[in-house]
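Novice: structure of the sequence below:
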Amino acid sequence: MSTDDTGVSVGVSSALQTLDWFDPEFRERTEFDVYALARGLPPQRSERTGEWYFLGYEDCREAFQRADVLSNNWLLGPNPLGLSTVLPENSDGDEQREYRRLLDPLFGPKLMEDLEGDIRDYAAQLMRPIAAKSHCEFVAEFTMPFPTIIFCRLMGFPLEDHPQLMRWKDVYMNSMTPFIARQLGITDVDADGRPSMDAVRRLTEQSAKEIIAYLSEILEERRRRPVSDVISMLVAIRRPDGAPLSEDELIRICFNLFLGGLDTVTGLLSMIVKHFAAHPDDRAAFMALMDDPTRVGPAVEELVRFHSIVAIPRRATTDCVLRGAELREDDIIQVVTPAADRDDARFPGADHLDFERAPNPHLGFGLGLHRCLGIHLARRELRIGLQEIHRMMPRYSLDADDPPIVGSGGVRGLFTLPLRVGIG
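Specialist: Below you'll find the model as predicted:
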């Protein structure tokens, strides 16, 4: 087998040098084959995107921890889509620690525990009509509305604004994908249906103006009439010196929560249910333990590991060598948690579900200071959602005549998931 000048086989080198996280073909057909080819190799730079891809578990773990050379504010580098910085996601160092100190209590485990009954009631409400049918489109009917409506209620967004919020989310998270580009009415596309950078940038910039105006109006309303929601709590936050958060900070924080809260659980649930539809033995194994409070938590963590959904960008702040990658200042790296969490060197038998896996230090929720702000809510939504799905719909299968449409946006997931109910 021929090799390049680094000793990597030419086939493997070609696959890695053309890697593009947002490529529909990659996400639908070759993603985990490429990750397997990259096992044991140092991070590779994609000639197609110019980004470095960190795929191994230890590569990704170190990238999360190297704030001395990598910044969360990757938008200070090349930003062809004109995306806006958000807080605390794009902050670093002491600034990030201060924002997390202020925000973590708003999403603490006790507050999320208080939502248990409401979350379960809403999951059951969504599942009743689905369970009574012979066929459903599970993304539209459950995995999208379930976490989205809970998030809107928690934040204080009016429920009737849900369609507009979802459109803005798709502009920011999924507009580079052919499926969502069609839904958004983007006509400036290539032969594969992927929109041009200019078309997406125009839509992104217009949507940012709309989102800022929308959030400003809600923030002003909560200043006048606070209620028991997260936006009211944000307005009431005071720093140690007694100063409130500025209007710009509040908008960027709400923007961050908005983007983080509307896609992640939807993506995870859709991938888990798709897998269970195709692998009924794994589904049966989960159902056998889902009501055991000592076992269901670790089982959910294993599902998060197996179906990790995000590649998290970082920007090099200086020239350096990191995990064998010769980075230059402003280089962008993608910390690919789906690849890291399938690394056999860290997780023996990584391509198989093991509901008894322990320890399970997956990166599906991030690591350290970069750990997901909404982790306690996400875990609860996943556990309750999966329990109610399988209590009310224990048997289901994929529809061979209507296959799922795999997402290729910022989060791994599905745009559609047609299911046959009661079969499988």
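Novice: okay, Gly368: pLDDT?
Specialist: At Gly368, the predicted lDDT confidence score is 83.
Novice: no no, Met290
Specialist: pLDDT at Met290 comes out at 98.
Novice: now swap in the one 5 residues further on and tell me
Specialist: Reading off the per-residue confidence, Arg295 sits at a pLDDT of 98.
Novice: now swap in His162 and tell me
Specialist: 87.
Novice: tell me the contacts of it?
Specialist: Neighbouring residues of His162 by Cβ atoms under 8 Å, 6 or more residues apart in numbering: Pro145, Thr148, Ile149, Cys152. For every residue, glycine as well, the C-beta is placed using N, CA and C.
Novice: does it belong to a helix, a strand or coil?
Specialist: Assigned with DSSP: H, G, I helix; E, B strand; the rest coil, His162 falls in the helix class.
Novice: also Val304?
Specialist: Val304 is classified as helix under three-state DSSP.
Novice: is the closest residue in space to it that isn't next to it in sequence in a helix, a strand, or coil?
Specialist: Here the nearest residue to Val304 in space, its sequence neighbours aside, is Gly364; by Cβ to Cβ, 6 or more residues apart in numbering that works out to 4.0 Å. Under three-state DSSP, Gly364 falls in the coil class.
Novice: Gly364 and Gly267: what is the separation?
Specialist: Per Cβ to Cβ, to the nearest Å, Gly364 is found 11 Å from Gly267.
Novice: intersection of neighbour lists for those two?
Specialist: Going by Cβ under 8 Å, 6+ apart, residues that sit against Gly364 and also against Gly267 are Ile309.
Novice: where along the chain do the strands fall?
Specialist: Secondary structure of the chain (DSSP state E): strands located at 44-45, 52-54, 70-71, 135-137, 311-316, 320-322, 325-327, 332-336, 396-398, 405-406, 414-416, 418-421.
Novice: who's in contact with the third one?
Specialist: Here strand 70-71 makes contact (Cβ under 8 Å, 6+ apart) with Ala63, Asp92, Arg314, Arg315, Ala316, Thr317, Leu322, Ile333.
Novice: so what would you say the end-to-end distance of stretch 338-353 is?
Specialist: 14 Å (Cα to Cα, to the nearest Å).
Novice: before we move on, the earlier item: can you tell me which of the contacts of strand 70-71 is closest to Asp241?
Specialist: Asp241 has its nearest neighbour among the contacts of strand 70-71 in Asp92, at 21.5 Å by Cβ to Cβ.
Novice: the closest one contacts Ala67, doesn't it?
Specialist: Yes - assessed by Cβ atoms under 8 Å, Asp92 is found in contact with Ala67 at 6.2 Å.
Novice: residues near Gln125, how many?
Specialist: 13 (other Cβ atoms under 10 Å).
Novice: number the chain from 198, please
Specialist: Okay, residue one is now 198; in that scheme the one you just asked about reads as Gln322.
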